[in-house]
Every structure is written in structure tokens, then in C-alpha cells.
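> have a look at this prediction, sequence included:
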Amino acid sequence: MLSVSLLLLLVVLCALVFDYINGFHDTANAIATVVSTRVLSPRKAIIMAACLNFVGALFSTQVAITIASGLLDTARFQMADIHQPAALAAKLQHPADPVSRYLAIQLSPITHGLLREYTAGGEPSQELQAAMVEDLNHALTLTELYSAERFAGIALKPKIEAKARNSSRLKPEELTNTNRALLEKAYPHELDSNQQAFQVVILAGILGAIVWNLITWKYGIPSSSSHALIGGLCGAAIIHGGLPSVLWHGIVHKVLIPLVGSPAMGFILGFLLMGVIFKTLAQVHPGRVSASFRYLQIISAATMAFTHGLNDAQKSMGIITMALVSARMIPEPVVPTWVVLSCAVAMALGTSVGGWRIIKTMGHKIIRLEPVHGFAAETSSAIVLFVTSHFGMPVSTTHVISGSIFGVGASKRLSAVRWGVAQSMVMAWVLTLPAAGLVAALSYELLMLVGLGR
């Protein structure tokens, strides 16, 4: 059985491997159009994309914070976290210390009823243990759990105590993590830490995403690395602690709505921008238009590469930060500088390898691209990625650039787009979340089987 520190190190290494794979898997998002239109050679395009991926990764952490705190409940208690259920039941049945007296007041009527039937010294029933878990999880949401008198004599870390004193001002995810730390200190023998088990959840989620990414890369399918990671995390969390382990409000508003909205917005912007360009330059000779947009497309491709780093590199930053928070290494989901730099480097190195199979799909199979089409598609995609990154939405750059290319092609005529390719791509998108989740769930079971869990 690995210690928490070794598991955390393994999580960090695997997150950086995922970032590297994400880089070469998604290189095509930034450079497929500029390569397919022959504005830049593949080598020059990849060097440009790698450099701007690195720079973009340094500019924001909003998406990373969403990944770290808005998708999974890292503080939630499970029945396995009650290390000594009989001792905890006895303390709640006959509360003597200030914390137990406070918690006894907060117990649900069901728990009170089960405690009245409980015989001290015996093994609590499954129903009583489940009821105590629910009450502990309710306590995680209470802003008044901490008071100086209640926790007098309990050794607390200065950062945890400082946060607890200002619990009414904390965000929900900060509050639950702070209260979890308080309860673990108040009941050091009765409650077991969830640090080790949750590191396994995160590790399994990363492995699920890596495996799915490699499968789609092998067959040249432009699927989403972002949603592979999110699907992997959800699958591992559900197999670990059930549906309540996932923050479904965050999944719906930060993942599922942008999942549909971002490629649709890319399609609309690509369609409109291409329409404006057609009308504005209708009387200009096609040769002059093509020559002018060859230079403009370098700028648009550079912007696309920058926004790819701005959004995609933050996924691994968020994973590592989540692991650090759940391991109590940092008190809140604020991305450390070393995490930002290491993920930026991993993304840039992966991008430098390139993803030639996916470049072929993105650059040639959807529509026949000219520099003007590439400029419109990349500019539209960059706008969508800037906006979603600003609001902390972990969208798929693959989805966005694909939607923009479809929009640009449709602005000419609907038959210009190879809709059969679109259908297969949409199927890959739909399958990504559940497929990565299933692989991650299997990975979790294997990791627990070989003894990485408790």
C-alpha cells in the first residue's frame, strides 16, 4: 500500500503525462488549417504552436479552479471513513466534549432514533453508520461548526483555523474542505482521512482519460481530451462513492452546457465571419484575397495556439491542485506557481511532437480549405476559447475548431461540408464522457485490487 505522499507524486506525474499527451493529441486544433492551406510548413507550425501553448498556459487559472473545486466533492464522507463506528456512535449517543454536544444537536431524527436503539460497545448497524455519514456530510456545510471555545485544546493548523474563523465568507468547496479538516482533528481515532482513497480516485480518472486519448489518437478521431478527463474523474468518483460524489450542478453548467454551446457558437461565428468576408471582398480578385489571408492566417493560427494553451493546459493544473487540496497540502484550490509552470512545459513539449493523424482529419476531410477559410475558422475559435476561459469553462478546443470549420464551410454551401465526417466526429464526442468514465472506473477497481487504496 502506497503512502499518501507517494500516491500524490504518482498523481502529479500522471497528470503531466496527460498534459503531454493532450499536447500532441490536440496539436491539430491550432495548426490543422494553417498546415492544410500550406501557409506554414508542419515543422514551423508546430514550433509556433508549442511556444504559444506555453505562453497561453501562463495567463489564467480560472479553468483550473473549476476542475479543482467545481466537479467533485473532495471532502465528502464515506462509510469507510468512519474508522471506529462504535466509538463515534458512543460519543454521539452520550456527548461529553463540546464538538460532540454540538453535533448531537445537528443529528437527524432518524439518527437519533437509531442511537436510542444502539447498545454501547456493540457494532453499529449499517443503517446507523449510513445515518451518521449523512449527518457528518451535513456538518460539512455548516458555517457555525467552528468556535474557539468548541475547539479549545484541539491542535489545528494555523491556516485551517484562520479559514474556520471566517467560515461565513468561504466558498462552498472551501467550507467543506475546512470543516472536513476540523472534524478529522476533533475525532482523530474515530474518523479516518479520505486522503489516500481520493488520490486513487484522481489517479484512476487520469488513467481513464489517457487510455481514451491514446485510442482516439491511434485511429485519428478528433475527440476531446478535456471531456475525456472530466468523464474519467466522474467515472472514478462514482465507483468510489456513488452519484453524490459528483457535483452535478457544476457538471451541467460548466461542462455539459458548454459541451453543446461552444461548438455551436464556433459554427455560428465561423458562418457569420465567413459571410462578412465574402460580401466585403466579393469584387476583389481571388488571388489577391488568398495572398492577403496567407499572412492574416499566421496571426489567427497563433491566436488559436495561445487560446489552446489558455484553456487546455489548465485541465492538468486543476487535477494537480485537486490532489493537493484533498491531500491537505494546500488549504484552498489556488494553483501554485510550480504547477502552472510544469503543466505549461508539459503541454508545450507534447505539442512539439504533433498529431499528424488528427491534422489530416481536421485539415482535409471536413472541407477543402483556403487561407481565407482557415483565418475565419481560427479567429472564430479563438474568440470562443477566450470567452470560455474567462468564465472558467473547461471546453474542448477540438469541438470548437471543428464547429468553426463546419460553419465556415456551410457559409459557402451546405454541400461543401462532408457531413459524414461530422456524424462520426459527433459520435466520438458523445461517447467520450461515458467511455472515459468506464475506463476510469475499471482503473479504480484495479488500483484498489493491487492495494493502492486503504
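The structure has been received and is ready for your questions.
> how is the protein carved up into domains?
4-74+199-449, 79-193 (automatic domain parsing).
> report the distance from the longest one to the chain centre.
The one in question is domain 4-74+199-449. On the basis of Cα atoms, centre = their mean, to the nearest Å, domain 4-74+199-449 is displaced by 11 Å from the centre of the chain it belongs to.
> could we number from 54 for the rest of this?
With the count now opening at 54, the last piece we talked about shows up as domain 57-127+252-502.
> average pLDDT for it, rounded please.
For domain 57-127+252-502, mean pLDDT is 83.
> for the last one, same thing?
Summarised as a single mean, pLDDT over domain 132-246 is 92.
> that domain: how far from the chain's middle?
The chain centre lies 30 Å from the centre of domain 132-246; the measure is Cα atoms, centre = their mean.
> then stretch 396-405 to CSV, C-alphas only?
Output of stretch 396-405 as CSV, limited to C-alpha atoms (Å, rounded to 0.1, in the frame of the first residue of the first chain):
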residue,chain,number,x,y,z
CYS,A,396,1.9,22.0,-16.9
ALA,A,397,2.8,24.7,-19.4
VAL,A,398,6.1,22.9,-20.1
ALA,A,399,4.4,19.5,-20.5
MET,A,400,1.8,20.9,-22.9
ALA,A,401,4.4,22.7,-25.0
LEU,A,402,6.6,19.5,-25.2
GLY,A,403,3.6,17.4,-26.2
THR,A,404,2.6,20.0,-28.9
SER,A,405,6.1,19.9,-30.3
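> so how far is residue 258 from residue 230?
The spacing between residue 230 and residue 258, counted by Cβ to Cβ, to the nearest Å, is 18 Å. C-beta here means a position set from N, CA and C on the backbone, and glycine is covered the same way.
> pick out whichever of these two has more residues nearby.
A count of neighbours by other Cβ atoms under 10 Å puts residue 258 above the other of residue 230 and residue 258, at 36 against 26.
> host element of the more buried one?
Take DSSP states H and E as the rule and residue 258 turns out to sit in helix 248-271.
> check which helices and strands that helix is in contact with.
On a contact count with 3 or more Cβ pairs under 8 Å, 6 or more residues apart in numbering; DSSP states H and E, helix 248-271 meets helix 57-78, helix 278-294, helix 339-379, helix 409-413, helix 472-502.
> compute the inter-axis angle for the longest one and helix 57-78.
What it means is helix 339-379. Here the directions of helix 339-379 and helix 57-78 differ by 170 degrees (axes from the mean of the first three to the mean of the last three Cα atoms, to 10 degrees).
> want to throw the helices and strands packed on helix 248-271 into CSV with mean neighbour count and distance to residue 155?
Below are the helices and strands packed on helix 248-271 laid out as CSV (neighbours: other Cβ atoms under 10 Å; distance: least, Cβ to Cβ, whole Å):
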stretch, mean neighbour count, distance to residue 155
helix 57-78, 22, 29
helix 278-294, 28, 25
helix 339-379, 23, 25
helix 409-413, 19, 56
helix 472-502, 19, 34
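> would you turn these into CSV with distance to residue 147?
Formatted as CSV, the helices and strands packed on helix 248-271 follow (distance: least, Cβ to Cβ, whole Å):
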stretch, distance to residue 147
helix 57-78, 33
helix 278-294, 30
helix 339-379, 33
helix 409-413, 64
helix 472-502, 36
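> go through the ones you listed and name the closest to residue 452.
Proximity to residue 452 (Cβ to Cβ) singles out helix 472-502 among these, at 6.4 Å.
> helix 57-78 and the closest one, what's the angle between them?
In terms of direction (the same axes, to 10 degrees), helix 472-502 departs from helix 57-78 by 170 degrees.
> just want the angle from helix 472-502 to helix 278-294.
In terms of direction (the same axes, to 10 degrees), helix 472-502 departs from helix 278-294 by 40 degrees.
> which elements pack onto helix 472-502?
With contacts defined as 3+ Cβ pairs under 8 Å, 6+ apart, helix 472-502 has these neighbours: helix 248-271, helix 278-294, helix 450-465.
> change it to 6 Å
Packing contacts for helix 472-502, counted by 3 or more Cβ pairs under 6 Å, 6 or more residues apart in numbering; DSSP states H and E, involve helix 248-271, helix 278-294.
> buried residues in the helix holding residue 258?
Buried residues in helix 248-271, defined by neighbour count with 16 or more other Cβ atoms under 10 Å: 248-266, 269-270.
> so how far is it off the chain centroid?
12 Å.
> just want the angle from that helix to helix 57-78.
For helix 248-271 against helix 57-78, the angle by the same axes, to 10 degrees is 20 degrees.
> CA atoms only: put helix 248-271 into CSV for me.
Output of helix 248-271 as CSV, limited to C-alpha atoms (Å, rounded to 0.1, in the frame of the first residue of the first chain):
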residue,chain,number,x,y,z
GLN,A,248,-6.7,11.4,1.5
GLN,A,249,-5.5,8.1,0.3
ALA,A,250,-8.7,6.9,-1.3
PHE,A,251,-9.3,10.1,-3.1
GLN,A,252,-5.8,10.2,-4.5
VAL,A,253,-6.7,6.8,-6.1
VAL,A,254,-9.9,8.3,-7.5
ILE,A,255,-7.9,11.1,-9.1
LEU,A,256,-5.3,8.7,-10.4
ALA,A,257,-7.9,6.4,-11.9
GLY,A,258,-9.6,9.4,-13.6
ILE,A,259,-6.4,10.5,-15.2
LEU,A,260,-5.7,6.9,-16.4
GLY,A,261,-9.1,6.7,-17.9
ALA,A,262,-8.5,9.9,-19.9
ILE,A,263,-5.1,8.8,-21.0
VAL,A,264,-6.3,5.5,-22.3
TRP,A,265,-9.2,7.0,-24.2
ASN,A,266,-6.9,9.8,-25.7
LEU,A,267,-4.5,7.2,-26.9
ILE,A,268,-7.3,5.1,-28.5
THR,A,269,-8.7,8.1,-30.4
TRP,A,270,-5.2,9.3,-31.4
LYS,A,271,-4.4,5.9,-32.7
